[in-house]
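In: Sequence first, then the predicted structure, then my questions.
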2 protein chains.
Amino acid sequence: MSPSRGGQSGPSVTGRVLGILSAFGPSAEALTLSGIARAAGLPLSTAHRLVGELATWGALERGEDGRYRIGLRLWEVGALAPRSLGLRERAMPYLEDLYEATRQNVQLAVRDGHEVVYVERLAHPEAVRVFSRVGGRMPLNATGVGQVLLAFAPAAVQEDVLAGPLTALTPRTITDPHELRRVLAAVRREGVAVCDGMVDLLSLSVAAPVRGEDERVVASLSVVVPSTGAEPRTIVPAVRAAARGISRALGAPSARRRPAGVITPLPTATDDPALGAERGA
Amino acid sequence: MSPSRGGQSGPSVTGRVLGILSAFGPSAEALTLSGIARAAGLPLSTAHRLVGELATWGALERGEDGRYRIGLRLWEVGALAPRSLGLRERAMPYLEDLYEATRQNVQLAVRDGHEVVYVERLAHPEAVRVFSRVGGRMPLNATGVGQVLLAFAPAAVQEDVLAGPLTALTPRTITDPHELRRVLAAVRREGVAVCDGMVDLLSLSVAAPVRGEDERVVASLSVVVPSTGAEPRTIVPAVRAAARGISRALGAPSARRRPAGVITPLPTATDDPALGAERGA
DNA sequence: TGGGCTCCTTCCGGTGGCCGGAAGCTCGAT
DNA sequence: ATCGAGCTTCCGGCCACCGGAAGGAGCCCA
């Protein structure tokens, strides 16, 4: 399958190029040429050639300090990712409202494999400091959005995560598979996850699922507030409403507006496997 | 300079990979394998191999319909671009406020070469429809943010643009070099650009410059409102204030808070070449 | 001033990875 | 059935890529 080099040797040219891109990360936004070569495991002259070509194209930019950074052109192409742009565009107005109402941190995330990836984040400068950042990753078991995404993930993913090691970010992070399983069932039942002190001891997050047109949960939305703040329950309805609004904008049938006068049942997911337990990537 | 293939033949492997990425664009978010091959000018089997490798890494994702889209992993790397992330993070709170105050379209853009690239956009669903989109490009002469970025661009860039063909999006777009030159001088003097009906006849934008720590203009901020709306002048102060706030957050000395009681001169740029006329990309 | 360090840039010959034509496959439409 | 469009796999030949080596630029310390 992989066009790996004949017998055993290094990666293909494409692999090397991707390796160079991988050298950059949240903790390495700017790298020297030799830094890139080191991180990517390439000889300096090879790195020099490839990096030069990437810079010419605009995938990398060379700063005045001689160091390389990710270029605008690459960002531009990346912005075409449907799970970022399409989702973001439609979710923004709702995130806005939620942000305006709480003046705290509002986050939108999707699942990629066994991790959460934050797609959008609105943060008030004076709100609780949160670890997450746009483009950042976090474990599924330790965050509000993660628990929601996991609760509605395909069964295979859930089992994988439950089986694998569950990393703890604080003493309060859930690492016991049985407890996590109970929590996930509760999340499915309630349609909301409340996570207190699992990322850091000072903050608490309230998360709800966002559904796409085929009812699958495609994203999760959360608000992070100080643990010591007012009763968090008060923001649950707002989070649920925003998530439902986004689901509707995405075309989820269960989030359709009902005729006035009819009580709208919350889109709480049952454990119905038809809704959250099969399919997925 | 370019490691072009020896004598004359096709691009290098790296070039081919980048060509594949270039095949995607705002009007081509999802492509079939053969579509990619066609757009990138590659034989099918070559495209197949390279695309496969890109998909394995996560730069591309294959949808259920068999078509390829930009992958989350590439988006993630692109999000590390300093002109996107660093700028965005600090600008967001101010964009929020502006959005909240106007409930229209708020945009943040940077210059790349002879074009504007939109880095962030907040749009109310019921606001005027605008053409721009996050990651999209527009000509410098036809937009509010573009005029601001051009007005403060290095002299060489200005001359290039003034010399080159000036594309018109509507009959009201400025295409006369002399007129544009006058407008740019006015923008420098006023510290704000007001663009009526230049992108489409129904909307008007008010833009102001954002400065970095070395006083150079690094971005531009605008609000787009209906042409027919209330006197646009009323939003000028809000736009200026937000731009100044972002400049301060970025560390621009001219945007520092002055001691109370001292009248703060607007950071209007003179035509002083030391501020906007030399250096650049 | 000189030595030692890190980082960057250029050069060039050998070779192994890449190229891409061709054949076969799976669809869906006619 | 027949066609066509798109996808996947295979494999031999050739040439583009690799990377060691040499040289330059800048910095710090003695």
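Out: Okay, I see it.
In: Any stretches of the stretch 151-281 of chain A with poor pLDDT?
Out: Low-confidence segments of the stretch 151-281 of chain A, defined by pLDDT under 70: A:229-231, A:257-281.
In: residues in it within reach of DNA strand D, list them.
Out: Near DNA strand D, no residue belonging to the stretch 151-281 of chain A is found when assessed by C-beta under 7 Å from any atom of the strand. Quick note: C-beta positions are derived from backbone N, CA and C, even for glycine.
In: can you map out the helices along chain A?
Out: Secondary structure of chain A, counting by DSSP state H: helices at A:13-22, A:33-40, A:44-57, A:72-78, A:85-102, A:144-151, A:155-163, A:177-190, A:236-250, A:273-276.
In: Let me know which of those is the nearest to B:Ala241.
Out: Closest approach to B:Ala241 among those (C-beta to C-beta): helix A:85-102, 18.4 Å.
In: Distance from the chain centre to that closest one, please.
Out: Centroid displacement of helix A:85-102 relative to its chain, using C-alpha atoms, centre = their mean, to the nearest Å, is 15 Å.
In: ditto for stretch A:46-54
Out: For stretch A:46-54, the distance to the chain centre is 31 Å (C-alpha atoms, centre = their mean).
In: tell me the average confidence for it?
Out: Per-region confidence: stretch A:46-54 scores 89 on mean pLDDT.
In: Can you give me the separation between the most centrally placed residue in chain A and A:Arg111?
Out: Nearest residue to the geometric centre of chain A (C-alpha atoms, centre = their mean): A:Val117, 2.1 Å. Distance, A:Val117 to A:Arg111, by C-beta to C-beta, to the nearest Å: 7 Å.
In: would a markdown table of the helices of chain A with mean neighbour count be doable?
Out: Output for the helices of chain A, formatted as a markdown table (neighbours: other C-beta atoms under 10 Å in any protein chain shown):
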| stretch | mean neighbour count |
| --- | --- |
| helix A:13-22 | 21 |
| helix A:33-40 | 18 |
| helix A:44-57 | 18 |
| helix A:72-78 | 25 |
| helix A:85-102 | 20 |
| helix A:144-151 | 29 |
| helix A:155-163 | 15 |
| helix A:177-190 | 16 |
| helix A:236-250 | 21 |
| helix A:273-276 | 15 |
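In: Columns distance to B:Val239 on top of these, output as CSV?
Out: CSV is the format used below for these (distance: least, C-beta to C-beta, whole Å):
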stretch, distance to B:Val239
helix A:13-22, 36
helix A:33-40, 40
helix A:44-57, 34
helix A:72-78, 24
helix A:85-102, 18
helix A:144-151, 34
helix A:155-163, 46
helix A:177-190, 43
helix A:236-250, 28
helix A:273-276, 45
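In: And the ones you listed: which comes nearest B:Ser222?
Out: B:Ser222 lies closest to helix A:85-102 among the helices of chain A, at 17.0 Å (C-beta to C-beta).
In: tell me what the closest one is packed against?
Out: strand A:105-112, strand A:115-123, strand A:217-226, helix A:236-250, helix B:85-102, strand B:115-123 (3 or more C-beta pairs under 8 Å, 6 or more residues apart in numbering or on different chains; DSSP states H and E).
In: Include distance to DNA strand C when you put the ones you listed into TSV, please.
Out: Shown next, in TSV, are the helices and strands packed on helix A:85-102 (distance: least, C-beta to the nearest atom of the strand, whole Å):
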stretch	distance to DNA strand C
strand A:105-112	26
strand A:115-123	29
strand A:217-226	24
helix A:236-250	26
helix B:85-102	21
strand B:115-123	25
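In: Kindly reformat the ones you listed as CSV containing distance to A:Leu184.
Out: Shown next, in CSV, are those (distance: least, C-beta to C-beta, whole Å):
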stretch, distance to A:Leu184
strand A:105-112, 13
strand A:115-123, 14
strand A:217-226, 12
helix A:236-250, 17
helix B:85-102, 32
strand B:115-123, 34
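In: Out of these, flag the one nearest B:Leu54.
Out: Nearest of the helices and strands packed on helix A:85-102 (C-beta to C-beta): strand A:105-112, 15.9 Å.
In: helices or strands next to the closest one in the packing?
Out: Contacts defined by 3+ C-beta pairs under 8 Å, 6+ apart place strand A:105-112 against helix A:85-102, strand A:115-123, helix A:144-151, strand A:217-226, helix B:72-78.
In: Where does pLDDT dip in the stretch 1-150 of chain A?
Out: For the stretch 1-150 of chain A, the stretches with pLDDT under 70 are A:1-10.
In: near DNA strand D, which residues of it?
Out: So far as C-beta under 7 Å from any atom of the strand goes, the stretch 1-150 of chain A lies against DNA strand D at A:Met1, A:Gly10, A:Val13, A:Arg16, A:Leu42, A:Pro43, A:Leu44, A:Ser45, A:Thr46, A:Arg49, A:Leu50.
In: Residue of the stretch 51-200 of chain A nearest DNA strand C, please.
Out: A:Gly66 (5.1 Å; C-beta to the nearest atom of the strand).
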